[in-house]
Every structure is written in structure tokens, then in C-alpha cells.
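Colleague: Mind looking at a prediction? Sequence and model below.
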Amino acid sequence: MRKMIAALFFAALLVSMYVDLTAGTLAVSKAAPPQKSIGTSTSEIANFTTVVQPGQTLLSIVEDRRGKSLNVSIDKLIADFKMLNPGVSPELLQIGKEYQFPDYER
């Protein structure tokens, strides 16, 4: 009887491992595309697109582009970034991902 229970347990373990490795057990969420905000359109904000490199932040990217310190408030910079990239938090920029940044040079 013990051998039969051990064999059933082992078979269940193998089946469980097979299903986990082939189909997976974690649900894959498909995020809805970001909604455009009504009001100010992104075309009203001068912008540039760049890929984030290791160590870069929202502020450092915009200041590097200008070649000098920023002439607008940090709050305006964050608001403009969020308007250009709906649903993206400037605190959570991902290395290697492309984003639009406000361009205050013009």
C-alpha cells in the first residue's frame, strides 16, 4: 500500500512539474493601452525621444540634452513627462526602454 501511495505521489509530482514548465501557472496580464488625456495634447509640448541608459534619471536626461541646468520647476518637468508618456511613472524608468522627454531648449 505504501508503494502505491508513493508511486501516485511521484506521478502527480511529475505531472505537476510538466504542466508548470510547459504551460506555466502564472497568469499573464495584458495591460490595456494607455489612455490619452483629454485637454493638452502632446503636440503642444516640444519633445525628444531617447533610450534610457544605466544611471540616468528624468532630470539628468533633460539636463544632458540642454547642456545646462533646467529652467523649469521639477513639478512641471514631471507633469510634462507624464503627459508625453501616459501611464509611465518617471521614478520607474526602465533601462533600455525608449521614452519621450520634454524639450525646454526651444
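Modeller: Yep, that arrived. As the structure is a computational prediction, the values presented were derived from the model and not from experiment.

Colleague: Using the three-state scheme, assign the residue nearest the centre of the chain.
Modeller: Nearest to the mean C-alpha position of the chain, counting by C-alpha atoms, centre = their mean, stands residue 94 at 5.8 Å. Put simply, residue 94 is coil when judged by DSSP: H, G, I helix; E, B strand; the rest coil.

Colleague: repeat for residue 80
Modeller: Per three-state DSSP, residue 80 ends up helix.

Colleague: what do you get for residue 50?
Modeller: Following three-state DSSP, we place residue 50 in the strand state.

Colleague: returning to that earlier point: burial of the residue nearest to the residue nearest to the centre of the chain when sequence neighbours are not counted, as a residue count?
Modeller: The shortest distance from residue 94 to any residue other than its chain neighbours is 6.6 Å, reached at residue 52 (C-beta to C-beta, 6 or more residues apart in numbering). Every C-beta, even on glycine, is put in place using the N, C-alpha and C of the backbone. Using other C-beta atoms under 10 Å, residue 52 is surrounded by 18 other residues.

Colleague: Check the gap between residue 10 and residue 2 for me.
Modeller: 12 Å (C-beta to C-beta, to the nearest Å).

Colleague: which one of the two has more residues nearby?
Modeller: residue 10 (10 against 6).

Colleague: residues in contact with the more buried one?
Modeller: Counting by C-beta atoms under 8 Å, 6 or more residues apart in numbering, residue 10 touches no other residue.

Colleague: Please identify which helix or strand holds it.
Modeller: Assignment of secondary structure by DSSP states H and E places residue 10 within helix 2-22.

Colleague: mind checking how far that helix is from the chain centre?
Modeller: When C-alpha coordinates are averaged (C-alpha atoms, centre = their mean, to the nearest Å), helix 2-22 and its chain have centres 38 Å apart.

Colleague: can you check stretch 99-106 too?
Modeller: Here the centre of stretch 99-106 is set off from its chain's centre by 19 Å, with C-alpha atoms, centre = their mean.

Colleague: Report the buried residues of it.
Modeller: 99-104 (16 or more other C-beta atoms under 10 Å).
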